[in-house]
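**Q** this is the structure alone, sequence omitted:
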């Protein structure tokens, strides 16, 4: 944003490292919180009578703190690992922010093993969270099918489908951005993918959840009419 406002396309070494750190901090924390929200939906729908005991305020604070702590450690390890390799001067980063796959392309040494390590850690972390989300929603949809009224089923789907949409957009674009083969790596494609998982998914997240709020929907209808 600063580069756009001041019409400059350069960034310092520390600025690039800060971008990598905060990108991975917020992206990993976002995915951790999406995983926690899937667990929240599972408890609310499959075990509603135990919701107060299983998801009290203390538990919610602990899960949110665990998500941010995981994101902090994850971002710190990625940043230190990436910027401990020598980088060549005079290179150009095509995307609009410093992204690890783009930085590793400009390494002056063989960064193959470091890249493999980054891919393995990222894939394992996201895979564990993704499997947990999938298992949670398998239980949720089994419970939905046992709801006799269509109104009850519609209420559950309206609560879960926006979350599934955000998770799908986030996971698919992030996985493809970091795990796609180099043969299909193009500057324009890399830019679109980076924008989707880094900006669009987090921006859409509060919007679609706010649309479940009755007061907000009524106020929006008044503004439109």
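**A** Nice, I can see it. Keep in mind the model is a prediction, meaning the values are calculated, not measured.
**Q** C-alpha only now, for contacts and for neighbours.
**A** Noted.
**Q** ok, residue 71 touching residue 31?
**A** No. Taking contacts as C-alpha atoms under 8 Å, residue 71 lies outside contact range of residue 31: 9.1 Å.
**Q** in this structure, which helix or strand is least confident?
**A** Within the chain, no helix or strand scores below helix 2-5, which has a mean of 64 by mean pLDDT, DSSP states H and E.
**Q** buried sites along the next helix or strand after that one?
**A** Counting by DSSP states H and E, the next helix or strand C-terminal to helix 2-5 is helix 13-46. Under the neighbour-count criterion of 16 or more other C-alpha atoms under 10 Å, helix 13-46 has 16-17, 19-46 buried.
**Q** distance of residue 24 relative to residue 154?
**A** Distance of residue 24 to residue 154, given as C-alpha to C-alpha, to the nearest Å: 36 Å.
**Q** try residue 126
**A** Separation of residue 126 from residue 154 (C-alpha to C-alpha): 29 Å.
**Q** between these two, which has more neighbouring residues?
**A** A direct count of neighbours by other C-alpha atoms under 10 Å for residue 126 and residue 154 places residue 126 higher, at 18 against 12.
**Q** now do the SS call for that one.
**A** What DSSP: H, G, I helix; E, B strand; the rest coil gives for residue 126 is helix.
**Q** just list the residues touching it, thanks.
**A** 31, 171 (C-alpha atoms under 8 Å, 6 or more residues apart in numbering).
**Q** okay, now the residue lying closest to residue 204 once chain neighbours are set aside: neighbour count?
**A** The shortest distance from residue 204 to any non-neighbouring residue, by C-alpha to C-alpha, 6 or more residues apart in numbering, is to residue 166 (7.5 Å). Neighbour count for residue 166, taken as other C-alpha under 10 Å: 20.
**Q** and what of residue 162?
**A** 18.
**Q** same check on residue 191?
**A** Neighbours of residue 191 under the rule other C-alpha under 10 Å: 15.
**Q** going forward, count from 5.
**A** Sounds good: first residue 5 from here, last item residue 195.
**Q** so how far is the one helix or strand it maps to off the chain centroid?
**A** Here residue 195 is covered by helix 191-199, with elements defined by DSSP H and E. Centre-to-centre, helix 191-199 and its host chain are 16 Å apart (C-alpha atoms, centre = their mean, to the nearest Å).
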